[in-house]
Each structure stands twice: as structure tokens, then as C-alpha cells.
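Trainee: Got a sequence here, can you model it:
(one chain, ligands or ions: 2)
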Amino acid sequence: MSFVDLFFPKFCLGCGLLGTYICPHCQKDLRYYEKSLCFYCKRASLYGLTHPNCLKKFNIDGVSSIFYYDNVLKKIIKNVKYRLATEVGREFLKTIKPETIRELSFYKRLSGRVYFQPVPLSAKKIRERGFNQALFLVKFFQRFIKFPVADFLIRVKETKPQAEIKNKKDRYQNLRGAFKVDPENHSALAGSKIILVDDVITSGSTIREAAKVLKKSGAGKVYVLTLARG
Ligand SMILES: [Zn+2]
Ligand SMILES: [Zn+2]
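Mentor: Ligands and ions are numbered 1, 2, ... in the order given. Below is the predicted model:
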């Protein structure tokens, strides 16, 4: 038994079975998000890019996700988020099929000034969790897609978890003003292409708000890449 096993005994992130990070049963239940849809009209679109007709000012240019946000994924994300066990997260990411990553070839081909931007957490959340799970995912994606990570966005407002707010209008108010762009970074951001990374999309309001703030500050394109999508 290794030192790490002593403090973080291996158990399945999905069902709690001891001795493994993802048991074969939960592995089988993972559903890859194979659809490529326009984020706005939900109709088919190559690479999940927003149709030119659907693209309004400050909108997201495209969204790609690896898994469906179903019960197994919910448990996995909750465990990776709240237990300070990044080793566990790394083990989980190793189970992702290489061909799914290959579907992200669109991002690899982006040219110009391209940056990964993890959706930032507030300083308080970082202290609670010890790490930002979005940054953790960026580091994983960087193994396949070689762009630098940027720190353009700052989280300026503590927000309630969007899932706890049922009313659409309240959700919007909750996130309004949650992000701003670091003033020192405005010139670097201008005309750049941003790949915004987060763990999960549910209502999509977090990424909409983050993309709007980035575009208002001059970002040329904003794409979104997430581990899971509801
Ligand atoms: Zn399991
Ligand atoms: Zn569309």
C-alpha cells in the first residue's frame, strides 16, 4: 500500500466500491456526449459551432463537451470537486477514450493568439477546495491541445450554485456582474481566441456570462469546452 492509498483509499467515484477509482460497472454507465449541436438553437452543427445566423453580439462561438451530465457523472464531479484528491481526478481523466479527445481536433487547428481560460472561482471557494477544478481540467486538455492558460477573468462576486435557483430571472441576477476582466490584460485579450473551460454546463448561464464579459473586453472568439453537459 502506498503513502497516497493510506490517506486516500481507492474507491469508485461513482458508487463507492473499494479498490478502484472507476469500477467497470460505472465505467459502462458513462455516456459520451456525441452530439454536435449549436448552443443556441440546439440543432446539429459541426464541432458544436454556433450557426452564423444564431450568433449574436457577445455570444459563444461554439460549445463542446465530453460526457452527459447524468447520475454517474454527477457523483464523479461532486467527489472530485469536494474531496481534495486531485490524484483521484487524474485517475478518472485517464479513463477518457482517446478517440473522444480526437473529436476536439477543431480546437487544435485554431490559429492566432489562442488561450485556455478556466472559469475562475472566488478566492473564498479556492480556499475551501484548495484548487480550481476548471484549471485542473485545462491542464488535462493541454496534453492534447497545446495552448497557454490565461488569467483574463476574475471572479468578483460570490454566487449561489445555479442549480439551487429555480427561477430563470433570479439565475441571471445571481451571475450578473460575477466576472470582470483584469484591466492589465485588456490589450492581450483584444482579438484573441479563448477556450473557456469548466467542469459542467447545466443551464449554461455561467458560461454565457463569462463569454459576454470576455467579448465586451475585446476577445475575438469565445469557445467553451467542458467535461460534462446536462
Ligand atoms: Zn462504481
Ligand atoms: Zn443555431
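
Trainee: Just the element for Glu87, please.
Mentor: helix 86-93 (DSSP states H and E).

Trainee: in that helix, what's buried?
Mentor: Using 16 or more other Cβ atoms under 10 Å as the test for burial, helix 86-93 gives Val88, Gly89, Glu91, Phe92, Leu93. For glycine as for every other residue, the C-beta is placed from the backbone atoms N, C-alpha and C.

Trainee: Check what pLDDT the first one gets.
Mentor: The reference is to Val88. Looking at Val88, its pLDDT stands at 73.

Trainee: on that earlier part again, closest one of the buried residues of helix 86-93 to Lys146?
Mentor: The nearest member of the buried residues of helix 86-93 to Lys146, counting by Cβ to Cβ, is Leu93 at 17.0 Å.

Trainee: Wait, that closest one touches Phe140, no?
Mentor: Yes - Leu93 is within contact range of Phe140, at 4.9 Å (criterion: Cβ atoms under 8 Å).

Trainee: what residues does stretch 93-107 touch?
Mentor: With contact meaning Cβ atoms under 8 Å, 6 or more residues apart in numbering, stretch 93-107 is reached by 21-22, 27, 30, 32, 47, 49, 62, 64, 66, 140-141, 144-145, 195, 223, 225.

Trainee: could you redo the last one with a cut-off of 6 Å?
Mentor: Ile22, Tyr32, Tyr47, Ile66, Phe140, Phe144, Ile145 (Cβ atoms under 6 Å, 6 or more residues apart in numbering).

Trainee: quick revisit: farthest pair in the buried residues of helix 86-93?
Mentor: Maximum distance among those (Cβ to Cβ): 9.9 Å, for Val88 and Leu93.

Trainee: which secondary structure element contains Tyr172?
Mentor: helix 168-175.

Trainee: Summarise which helices and strands that helix is packed against.
Mentor: helix 205-216 (3 or more Cβ pairs under 6 Å, 6 or more residues apart in numbering; DSSP states H and E).

Trainee: Could you tell me the average pLDDT over the following helix or strand past the helix it packs on, please?
Mentor: Reading on from helix 205-216 to the C-terminus, the next helix or strand found by DSSP H and E is strand 221-229. Here strand 221-229 scores 95 as its mean pLDDT.

Trainee: Tabulate the CA atom coordinates of strand 221-229 in CSV.
Mentor: Extracted in CSV, the C-alpha atoms of strand 221-229 (Å, rounded to 0.1, in the frame of the first residue of the first chain):
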residue,chain,number,x,y,z
LYS,A,221,-13.9,34.4,-30.3
VAL,A,222,-15.0,32.5,-27.2
TYR,A,223,-15.4,28.7,-27.4
VAL,A,224,-16.4,26.6,-24.5
LEU,A,225,-15.0,23.2,-23.6
THR,A,226,-16.5,21.2,-20.6
LEU,A,227,-16.2,17.8,-19.1
ALA,A,228,-20.0,17.3,-18.9
ARG,A,229,-23.2,18.8,-20.1
